[in-house]
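Engineer: no sequence on this one, just coordinates:
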């Protein structure tokens, strides 16, 4: 298994995770989660939304960064 294969796996998992997290976001103007109701892990819907935003941004940055690295051919 090469480094490129590992990065492609991480890239695919970040794409899947990003898709799922975007679907979990609430519609504009609503509080809480869009799918599945309010999360029991969080004390409020505001903290759930804040956590979702942070994780979504981290996955988006990972996905975009790996897309650039893999498409540029910097990894053999």
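Structural biologist: That came in fine, so what should we check first? As the structure is a computational prediction, the values presented were derived from the model and not from experiment.
Engineer: Just give me the longest helix of this structure.
Structural biologist: The longest helix of the chain (DSSP state H) is helix 45-72.
Engineer: So which elements touch it?
Structural biologist: Applying 3 or more CB pairs under 8 Å, 6 or more residues apart in numbering; DSSP states H and E, one finds that helix 45-72 contacts helix 3-24. (C-beta placed from N, C-alpha, C; glycine too.)
Engineer: quick one, the helix it packs on and helix 45-72 angle?
Structural biologist: If you take axes from the mean of the first three to the mean of the last three CA atoms, to 10 degrees, helix 3-24 sits at 150 degrees to helix 45-72.
Engineer: What residues of the helix or strand of the chain with the lowest mean pLDDT count as buried?
Structural biologist: When each helix and strand of the chain is scored by mean pLDDT, DSSP states H and E, helix 45-72 comes last, with a mean of 93. Under the neighbour-count criterion of 16 or more other CB atoms under 10 Å, helix 45-72 has 45, 48, 49, 52, 56, 59, 62, 63, 66 buried.
Engineer: so who does the fifth one touch?
Structural biologist: Residues in contact with residue 56, defined by CB atoms under 8 Å, 6 or more residues apart in numbering, are 18, 21, 22, 25.
Engineer: Same check on the last one?
Structural biologist: Contacts for residue 66 were tallied using CB under 8 Å, 6+ apart; they are 7, 10, 11, 14.
Engineer: Look up the closest residue to the residue nearest the centre of the chain, ignoring the ones flanking it.
Structural biologist: The geometric centre of the chain, computed from its C-alpha atoms, lies nearest to residue 18 (CA atoms, centre = their mean), at 3.1 Å. Leaving aside its sequence neighbours, residue 18 sits nearest to residue 59 (CB to CB, 6 or more residues apart in numbering; 4.5 Å).
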